[in-house]
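Engineer: Got a sequence here, can you model it:
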Amino acid sequence: MNIDLTTPVSAISRVGKTTASRLKKLGIETVEDLIFYYPFRWQDFSQIFDIASLKPEQIVTVRGKIQLITNRRSFAKRKMLTEALVSDQTGSVKVIWFNQPFLTKVLAPGDEVFLSGKADFDRYTLQLVNPIYEKVSKDTTHTARLVPIYSLTSNLTQKQIRFLIKTVLPAVNLIQEWLPESLLKEFKLLGLHSALKQIHFPDDKKTLAKAINRLKFDELFLFQLQIILGKNEIASSQAIPIKFFEQKTRDFVSALPFQLTNDQKKVAWKIISDLQIPRPMNRLLEGDVGSGKTVVAALAMLNVALNQKQAVLMAPTEILASQHYKNICSLFEKTEIKIGLMTKSQKQIGQETVSKKKIIDDLSRGDINLVVGTHALIQDDIAFKDLVLAVIDEQHRFGVGQRKILRQKSGNCQDLPHLLSMTATPIPRSLALTFCGDLDLSIIREMPKERKKIITKVVDSKNRKLAYDFVREQVKLGRQIFVICPLIDPSDKLGVKSVTTEYEKLKKEIFPDLKIDMLHGKLKSADKEQIMQDFLAKKSDILVATSVVEVGVDVPNASVMLIEGSERFGLAQLHQFRGRVGRSSHQSYCFLFTDSQTQKTKERLEALVTAKDGFELAEFDLKFRGPGEIYGTIQSGFPEFKLAELTDYELVQKAKSAAEKILADDLNNYPLLKQKMNQFAKKIHLE
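Structural biologist: Next up, the predicted model:
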């Protein structure tokens, strides 16, 4: 059949309605979607081993001829076994597959095959168990090469995805090369057609690296174009200046139940100074978890309210939005500022639960000075009377497009709102200025005086019981415990499985007498909210959660963070998890569980133990990982990136340089590039 980029996957051979619906869950609906569905890693099956050289525990590929193949039932009569004997010029090896009786119809004696998998001993001899199989050819898909591994969903297999992508890969030639020839030559970039073919089925590691480099460059280059254009637009825009109410601000600070740190005072004054200028503020506020970013934002919002204008605080999840709302209400308890909360499941004004219509009406009249919520606030049927400040938590790529939406909703269509982005992800200053060049940068390094340093320990399998004993002692003292489980790969299904398994183990085997709850991304919003509320109310002792669930709520009573499979996470992620404890005067602890014995793992985890703060850790992470090292995008925090990361420092610099050259020349001279950039801008939200 003839296919083009818009051909639905359901029209491809061997794809029925059921498979098409499963692919849709992965965001794959067309041939183009398949082409741009990149692997997240590659299994190296390229080296062919002689059968005589096989050793236990090796991951190998062998090439041999099937001497015999047969099915039989196991002694327990529960499993069907397919057994084969495969030989090459050096020897023979037994091969066994479980519950795959159809193999005797697919493979026959005399067939020459590649087998890729793990060599291991049974009681008497070496064998291959459940290896991937493929008849010998010059262009293999599943064996004898660098084999792509993709994220999956229920009832889809790697073989299915690989088969489909290989089927449609010739359509790559229908995609136009949109990068100018001058940039391809200057930065020695692989052509787009080659890069897309090699990212899926690379000839070798060197060519794979070139393909990844090209596709990372594409993402970063388009991103830098957006940043520079956005910066230029903001520079030429107007904003409503906010008068500084000095005495009322001093009174507010004096009434706080804690003292502001010097860093908080300096940063707050810088932000308030920005608000007084009739040009849109565009500031990124960095600070470790618990450094007090929210109260700094509150000082800005206070002055907005005193000017009879409106501010919005947006968070990425309902749980975090709800937590912010409680904190903001507490901070403004002694003022007359009217505060609202609007998420999918919660609508409140003050302590009163209200209708969605009530909040919408009050915002349009200007009766609500400050509203807290998720990004639904700008996507819903909402209009503000005088919105002049948007505070965005953990979403510092909130861009010009979103500002325009806010401007259209704000009642001041000629003005852009001021923007304050907050992040607890420590980004090295040099990197932040390069990557987020349209943002002014403020950093809070100083932690509140009452906060104690979190004691961090790396725990191997030998000391696991000691850690569990310590957890029990902490619970006896009235403290609570977080347990974070890793995603084995980016599949959400596996994440739920791992957290469920850990939950069952802790509940039944380790702490049967304690109250344990579980939190993961498959739960409904209302259920997640209830579980967190129960944990805050001390109705559970231990909360087991996946890493993809936002657990960044303030639980002062939690004193232990226990992280399973800690070697699977980036240092920044581990630091974020650790910051969920140590939020009160109680001494807190972080246990990094790992079974890995590699030197690299030890160095990385020890850095978490010794680093003074998240910023030192971020600099170490950048140095340790180095530019261009292949890591999963799960660590990058930028969902619009499939491959690129903040730590691709040299590539970020190159992309920025390239973007500046194109814009200095004139984007209109590059129609294909301009078209691609417009498509990119529509796909991403820069938020």
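Engineer: Asp527 belongs to a helix?
Structural biologist: Yes - with DSSP: H, G, I helix; E, B strand; the rest coil as the criterion, Asp527 is assigned to a helix.
Engineer: Now do it against Ser345, distance only.
Structural biologist: To Ser345, Asp527 is 10 Å away according to Cβ to Cβ, to the nearest Å. For the C-beta atoms, the positions are set from N, CA and C on the backbone; glycine is no exception.
Engineer: So for stretch 481-499, mean pLDDT?
Structural biologist: Averaged across stretch 481-499, pLDDT comes to 68.
Engineer: Helices of the stretch 101-250 of the chain, start to end?
Structural biologist: Assigned by DSSP state H, counting those that start in this stretch, the helices in the stretch 101-250 of the chain fall at 103-106, 158-168, 181-186, 192-200, 205-235, 246-254.
Engineer: so which of those helices gets nearest Arg22?
Structural biologist: Nearest to Arg22 among the helices of the stretch 101-250 of the chain is helix 158-168; the distance by Cβ to Cβ comes to 8.9 Å.
Engineer: hey, C-alpha coordinates of the closest one in PDB?
Structural biologist: C-alpha atoms of helix 158-168 as PDB (Å, rounded to 0.1, in the frame of the first residue of the first chain):
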ATOM      1  CA  GLN A 158       8.400  -4.300  21.500                       C
ATOM      2  CA  LYS A 159       8.200  -6.500  18.500                       C
ATOM      3  CA  GLN A 160       4.900  -4.900  17.400                       C
ATOM      4  CA  ILE A 161       6.300  -1.400  17.700                       C
ATOM      5  CA  ARG A 162       9.500  -2.200  15.900                       C
ATOM      6  CA  PHE A 163       7.700  -4.000  13.100                       C
ATOM      7  CA  LEU A 164       5.300  -1.000  12.600                       C
ATOM      8  CA  ILE A 165       8.100   1.600  12.600                       C
ATOM      9  CA  LYS A 166      10.200  -0.500  10.200                       C
ATOM     10  CA  THR A 167       7.200  -0.800   7.900                       C
ATOM     11  CA  VAL A 168       6.600   3.000   7.800                       C
END
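Engineer: Only the buried residues of it, if you could.
Structural biologist: Under the neighbour-count criterion of 16 or more other Cβ atoms under 10 Å, helix 158-168 has Gln158, Gln160, Ile161, Arg162, Phe163, Leu164, Ile165, Lys166, Thr167, Val168 buried.
Engineer: Tell me the predicted confidence for the second one.
Structural biologist: Confidence at Gln160, expressed as pLDDT, is 94.
Engineer: Next: the one 4 residues further on.
Structural biologist: Confidence per residue is given as pLDDT, and for Leu164 that number is 95.
Engineer: The one 3 residues further on too?
Structural biologist: What the model reports for Thr167 is a pLDDT of 94.
Engineer: my guess is it contacts Ile12, does it?
Structural biologist: Yes - counting by Cβ atoms under 8 Å, Thr167 touches Ile12, with 6.2 Å between them.
Engineer: closest one to Ser137 among the helices of the stretch 101-250 of the chain?
Structural biologist: helix 158-168 (12.1 Å).
Engineer: Show me what the closest one is packed against.
Structural biologist: Other elements packing on helix 158-168 under the criterion 3 or more Cβ pairs under 8 Å, 6 or more residues apart in numbering; DSSP states H and E are helix 31-35, strand 146-149.
Engineer: Dump these into a markdown table; add distance to Gly110, mean neighbour count and mean pLDDT as well.
Structural biologist: A markdown table is the format used below for the helices and strands packed on helix 158-168 (distance: least, Cβ to Cβ, whole Å; neighbours: other Cβ atoms under 10 Å; pLDDT from 0 to 100):
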| stretch | distance to Gly110 | mean neighbour count | mean pLDDT |
| --- | --- | --- | --- |
| helix 31-35 | 35 | 21 | 96 |
| strand 146-149 | 25 | 20 | 95 |
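Engineer: and Gln679, which of the ones you listed is closest to it?
Structural biologist: Proximity to Gln679 (Cβ to Cβ) singles out helix 31-35 among those, at 11.0 Å.
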